[in-house]
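Colleague: Just need the structure, nothing else, for what follows:
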Amino acid sequence: MSAKISNWILTLIVVGFISLMSNWIGYGTLPFNALPGIIVLMVIALIGLILCNIIPFNIPGIAYIGILGLILTIPGVPGSMHIIEWTEKVDLLSLATPVVAYAGVSIGNSWTDFAKLGWKTVVVGIVILISTYVGSAIVAEIVLRLQGIV
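Modeller: Next up is the predicted model:
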């Protein structure tokens, strides 16, 4: 377990650093201003991954991370306003950049494992990406029309 935690911490530090630089270059937020938000997100992710390995249910780590983040930002929870204030300075796309890059490197290192998944996985992935895009566009269109912007 200790080796896993060390690996997670190292990965989170690398992702956090890339996110800070991406947030600075792409959105003009100075790293010093975004650092508290990045640290909070890293700690939430680490705790979620640890919970995933401690709790004996077969639930993905991302579920624990999401639930923990949700609970910590509920109004009235001590410190929630600080967490919200800090994480507002971190743009979502600056977080997505290193995560997608890491996923690409992971797949690139194990093409044989990826090939074992088969062509159906690729089709499902494409359908999911297209559906997400179209669904987001529809929701955006509806909201913009309701606001009278479009």
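Colleague: Do a quick rundown of the helices in the chain.
Modeller: 2-27, 31-54, 61-72, 80-87, 92-109, 111-117, 119-147 (DSSP state H).
Colleague: mean pLDDT lowest for which of those helices?
Modeller: Of all the helices of the chain, mean pLDDT reaches its minimum on helix 111-117 (a mean of 65).
Colleague: hmm, back to that, can you add mean neighbour count and give the helices of the chain back as JSON lines?
Modeller: No exception for glycine: its C-beta is placed from N, CA and C like everyone else's. Putting those into JSON lines (neighbours: other C-beta atoms under 10 Å) gives the following:
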{"stretch": "helix 2-27", "mean neighbour count": "15"}
{"stretch": "helix 31-54", "mean neighbour count": "17"}
{"stretch": "helix 61-72", "mean neighbour count": "15"}
{"stretch": "helix 80-87", "mean neighbour count": "15"}
{"stretch": "helix 92-109", "mean neighbour count": "13"}
{"stretch": "helix 111-117", "mean neighbour count": "10"}
{"stretch": "helix 119-147", "mean neighbour count": "10"}
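Colleague: Can you give me the domain assignment for the protein?
Modeller: By the record's domain assignment, the chain is partitioned as 2-110, 118-150 (automatic domain parsing).
Colleague: quick one: Gly48 from Leu41, how far?
Modeller: Note on Gly48: its distance to Leu41, by C-beta to C-beta, to the nearest Å, is 11 Å.
Colleague: What of Val90?
Modeller: Taking C-beta to C-beta, one finds Val90 at 7 Å from Leu41.
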